[in-house]
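# no sequence on hand, only this structure:
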Ligand code: BGC
């Protein structure tokens, strides 16, 4: 057998743009700038001047620093479809690639977007853990495993920062669920805090030297994170050597003295924050030392210097040294295909044979109206979205047959007005005179920081009207509503459907993104155009320091008869060679600001899959969700392909994978339970404000191992289109060598996973832990060899009494494995990490 020596490293890229700075240079410029600032100016720099920016200080040659969410795209300040952004696959998808180098390219492409949009600091990546599948922002975090999370995060941060943009690792720390997220006190045992929740932050600080980090809303062990001196100053700065900026999560800074003494540098958003004038007053009356303020200002000036925003300081990455530009949509498509996890395909139904001009029944609401990202602050508005229907339509060869049926509509909520609507916003003053008009891509306006279209003055604005026409696709009872808070009049086809006001309240994400509220119905005919108008009579939002205008017109098509929809889909499936059913969660299921209460697919999708599978033995189910869902039909279908939230090019990547142009490259970054009831950690709701992490270290596969039930699919699981034989496993000097052979007929990619397991189980210690991983590619029949560094931390435990890491004595078993439950080769290591 030919042996191609191909040595790959599992370690994430360690080149650090932070480390590439000329030592000392920035310090001198920073000190000189600091010396020229008086107290009032310094405290101004520690607070947002608006939702996304810090103030410019022309007197010291400091430009305004602009921040933007993250993590799948760079939304920019506008937060609207009128200023589109590239949209990559969601973080669970990126982690499913198990490829830090690909994450690095994601980071580069996003930095490119940041430069294009005038942003300097990307509020990403999210490296909290998948503690429970119920976590509402599960889709936005990487994995249940800290090593995988840290490596993917390191790749991402490296890619962003080597392109001259600051990454902001968030949310420090233990922001693993959403319920009562502002106030919850997570009680995390010391070892779990170090070995699980802090571990990705530690790895990223060590390996990628991030320039910024975001402090979380929640508390940990009795102290709210923005005031947590032990973690923000003690662990982060003094122990790990972090030299970047600590920025609060939005509205998370609550106490002037507590936050500045606790190690917070910037309170966002502004203009009204606990820093600024309140901090100057605290210095003047002796509650805070000015040197403490200086420390925070130094951090910001250093960040500005790195970004090239401070006169006299060379940026860490001069524009001529940025990596070559990447093709954003091509990267989005590549990551998507590399992230798709083929969970099951016992009869080899996939890939479909494109050359045989297949006949496919494509079924599902999300097959037509793509669900490409998770909701909340991660939302971006791409210029185009390729749905599964678009992707397959474009990819199938001449003579193929593709039919579409909705089958079931999981969305029982109104959605922002889109298909069939032609809308504009009209801004008026108190006398009713029009100040400006702006066309709208969707039925939503979101003008933040009082920045209105065409420079309209915030004070002169009295009303905003979303108005235009609607041409329905279907005849029947259409539902209309509002999103956002305030005083509205909604008129459709000459009839006033609603006239009234709602108070503000709730989570800021709810206020900003606006839960759709049904307001009335109208009987409309397909093809007959009607006038629509949503007048907002008190449009100026004042939520804490947030000023702006944010509301929307929402709509829902007439409800179709559910039985009829399923019957149509079954008939389509029967008439085709292959049925492809796309099942999905909705924005009301996976988003920010709330947790899930169950793992069921919404609506009648489970019934739809069962009925279609009964009608067509070749039923392929595409699971379009950012986090685990129950799949009671999983043994009854031919194949299951998990596509996560696949970003704007998801439909094109789906066609690539279904038709075999690409292999599904993903492996589960998190264990997939068969039922919520089986999941080891299901508690995300605090009691009396406290959420105990009682499971301690037993999260994810660490917990499933000692469980009586098996998961539906284990951590690390995923199939490709070829087969592999693991030939040998050796280890020496903290590194393992694995040889494996592609035994199939197609070129392929394999994710090689190493797990370490103490030979003698230790009480309170997980049996098996990920120790390293890498991906390899090989041609049919080819044998490849790969070298993987074993992660030191896998062989260490946190000794709380000594407040230090100690090596946990061996001997260990080292497994080369296809997933956490499937060791293929095992050797013994006599001492940790050594043979
Ligand atoms: C989220 C952060 C986000 C910030 C700004 C917060 O609600 O938790 O992740 O960066 O809003 O949008």
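Cool, got the structure. The structure presented is a predicted model; accordingly, all values stated were derived computationally and were not measured. Numbering: from 1, shown residues only.
# CA atoms for contacts and neighbours, from now on please.
Will do.
# list the contacts for residue 711?
The contact partners of residue 711, by Cα atoms under 8 Å, 6 or more residues apart in numbering, come to 671-674, 678, 704.
# quick one: stretch 412-427 to chain centroid distance?
Relative to its chain's centre, stretch 412-427 lies at 26 Å (Cα atoms, centre = their mean, to the nearest Å).
# which residues touch that stretch?
434-445, 461-473, 479-481, 483, 516-518, 552-556, 588, 603.
# residue in the stretch 151-300 of the chain nearest to the ligand?
Of the residues in the stretch 151-300 of the chain, the one nearest the ligand is residue 250, at a distance of 5.0 Å by Cα to the nearest ligand atom.
# secondary structure class of that residue, three-state.
What DSSP: H, G, I helix; E, B strand; the rest coil gives for residue 250 is coil.
# from residue 130, how far off is it?
Noted for residue 250: a distance of 22 Å to residue 130, by Cα to Cα, to the nearest Å.
# so which of those two has more stuff around it?
Neighbour count, other Cα atoms under 10 Å: between residue 250 and residue 130, residue 130 has more, with 30 against 18.
# quick check: phi and psi on the most far-flung residue of the chain relative to its centre?
Going by Cα atoms, centre = their mean, the residue of the chain most distant from its centre is residue 431, 44.6 Å out. Main-chain torsions, residue 431, degrees, to the nearest 10: phi -90, psi 0.
# also residue 279?
Dihedral angles of residue 279 (phi, psi; degrees, to the nearest 10) stand at phi -70, psi -40.
# give me the buried positions along stretch 343-357.
Residues of stretch 343-357 classed as buried: 343-345, 349-352, 354 (neighbour count, 16 or more other Cα atoms under 10 Å).
# now do it: distance to the chain's middle.
How far stretch 343-357 lies from its chain's middle: 30 Å, per Cα atoms, centre = their mean.
# which residues touch the closest residue to the residue of the stretch 151-300 of the chain closest to the ligand other than its chain neighbours?
Spatial nearest neighbour of residue 250, chain neighbours left out: residue 268 (5.3 Å); criterion: Cα to Cα, 6 or more residues apart in numbering. Counting by Cα under 8 Å, 6+ apart, residue 268 touches 47-48, 51-52, 247-253.
# also residue 191?
Contact analysis of residue 191 by Cα under 8 Å, 6+ apart lists 696-697, 797-800.
# buried members of the residues you listed into PyMOL, please.
Per 16+ other Cα under 10 Å, the buried members of these correspond to this PyMOL selection:
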select buried, resi 696+697+797+798
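# tell me, which of the contacts of residue 191 make contact with the ligand?
Among these, not one lies near the ligand by Cα under 6 Å from any ligand atom.
# could I get the contacts of residue 191 in JSON lines, plus columns for secondary structure and distance to residue 111?
Formatted as JSON lines, those follow (DSSP: H, G, I helix; E, B strand; the rest coil; distance: Cα to Cα, whole Å):
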{"residue": "696", "secondary structure": "coil", "distance to residue 111": "37"}
{"residue": "697", "secondary structure": "coil", "distance to residue 111": "35"}
{"residue": "797", "secondary structure": "strand", "distance to residue 111": "36"}
{"residue": "798", "secondary structure": "strand", "distance to residue 111": "36"}
{"residue": "799", "secondary structure": "strand", "distance to residue 111": "39"}
{"residue": "800", "secondary structure": "coil", "distance to residue 111": "39"}
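# tell me which of the contacts of residue 268 has the lowest pLDDT.
On pLDDT alone, residue 51 ranks lowest of these, at 89.
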